[in-house]
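Undergrad: got a structure for you, letters missing:
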């Protein structure tokens, strides 16, 4: 579903198909995240959810008010993503930067790069995936700390 939404412009720009695809993606992603979270204790999941909520709100407020333009770091973020794929332990240190980047892409304005208003599905998908990844990283950290 994510490949369809990212690669097919007509699908993500055509109402109501775009909303249906986003809803299907969200349901599938929530099933995947729920399955992953079931391997952890309820205290670990609640701690991770609280930390994730706090971090996401803080980064979103930062993205709205900062004068720093994170949208010009697109190429560097892609390289960082490749590094994360090859060396997963780096994920612990930089998961929040993608949320700031994607939030500023959604805002537009004076930033170098931005998404057009027609790309609201792409913006929602980017931010949703950022938050899910951040929650997963935090859950891994909390789960590891409680087991260690």
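TA: Looks like it came in fine. Worth saying up front: this structure is predicted, and the values here are computed from it rather than measured.

Undergrad: Show the contacting residues for the nearest residue to residue 118 once chain neighbours are set aside.
TA: Nearest non-adjacent residue to residue 118, counting by C-beta to C-beta, 6 or more residues apart in numbering: residue 13, 5.6 Å away. Heads up, the C-betas are built off the backbone N, CA and C, glycines and all. The contact partners of residue 13, taken as C-beta atoms under 8 Å, 6 or more residues apart in numbering, are 118-119, 121.

Undergrad: Let me know the pLDDT of residue 56.
TA: Looking at residue 56, its pLDDT reads 82.

Undergrad: what comes up buried for the host helix or strand of residue 52?
TA: If you go by DSSP states H and E, residue 52 is part of helix 42-65. Under the neighbour-count criterion of 16 or more other C-beta atoms under 10 Å, helix 42-65 has 44-45, 47-48, 51-52, 55-56, 59, 62-63 buried.

Undergrad: Quick one: name whatever helix or strand follows the lowest-mean-pLDDT helix or strand in the chain.
TA: Least confident helix or strand of the chain, by mean pLDDT, DSSP states H and E, is helix 74-86 with a mean of 59. Using DSSP H and E, the helix or strand that follows helix 74-86 in sequence is helix 96-107.

Undergrad: For residue 102, see how far away residue 126 is.
TA: Separation of residue 126 from residue 102 (C-beta to C-beta, to the nearest Å): 4 Å.

Undergrad: tell me the SS of residue 40?
TA: Under DSSP: H, G, I helix; E, B strand; the rest coil, residue 40 falls in the coil class.
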